[in-house]
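*Asks:* Predicted structure and sequence below. I'll ask about it afterward.
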Amino acid sequence: MKLATAIALAVLSTSLWAQSPVKAQVFQAAEVHEQLAQLADQARTKGSSTATLPDFGGHAMRLNARTTSGGGEIHTHFDDVIIVTEGKATLITGGTVIDPHTGSDGEIRGSGIQNGVVQTISVGDIVHIPAGTPHQLIIATGTTYSYLVIKVRE
C-alpha cells in the first residue's frame, strides 16, 4: 500500500458525504479513490477540480486534482498540509508573488512566484506550507497531479 494511501486512511475515516461534528469519521479508501478519479476527469476538462470533505471550523479536508499549473498564492489564515496521492509537481515556496492582488477572502494571488525555492514533490510526499508562505504548483503538460490537503486555521 502506498504511503499516501495509508496516511489518507489514517486521517480520513464513513462516507465522503456523512458529516457529524461530534463523532469520529471514516472516509473509506474506495470512496476516496473514486472521488479522486472523478476529480481527475473534471480536471482534464477544467484544469483543476476540488471536493471539500468536512470543514470542521479549525481545519478542513479537501481532495484536489490538477492538470494545469496554478498561480502564486499566499494563504493568510491557513497552513496547508498536503499529501500527494498521484503524479508529481514542481513546488515553489518562498520568494515573492508576482503581480499580487488580495481577493475578497483575504487570500493573496498572483501570476507566479519569483526567487522561491524549487522542489519536486511526488506520490507519498507530505508537505507543510505555513500561513503567510508564498507558494505555487507547476504541473507538467499532459499529467495529472492529485492530493489531499488539510487546511489548518491559524
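*Replies:* Arrived safely, thanks for sending. Residues are numbered from 1 along each chain as shown.

*Asks:* mind listing the helices for this structure?
*Replies:* 3-11, 29-46 (DSSP state H).

*Asks:* where among these is the average confidence lowest?
*Replies:* Among those, helix 3-11 carries the lowest mean pLDDT, a mean of 45.

*Asks:* list the buried ones in stretch 137-148?
*Replies:* Leu137, Ile138, Ile139, Thr144, Tyr145, Ser146, Tyr147, Leu148 (16 or more other CB atoms under 10 Å). Quick note: C-beta positions are derived from backbone N, CA and C, even for glycine.

*Asks:* What pLDDT does the model give the first one?
*Replies:* So the one you mean is Leu137. Reading off the confidence values, Leu137 has pLDDT 97.

*Asks:* cool, the fifth one as well?
*Replies:* pLDDT, the model's per-residue confidence, is 98 for Tyr145.

*Asks:* Check the last one too.
*Replies:* In this model, Leu148 is scored at 97, pLDDT.

*Asks:* Surely it is in contact with Thr52?
*Replies:* No. Applying CB atoms under 8 Å as the test, Leu148 and Thr52 come out as separate, 11.4 Å apart.
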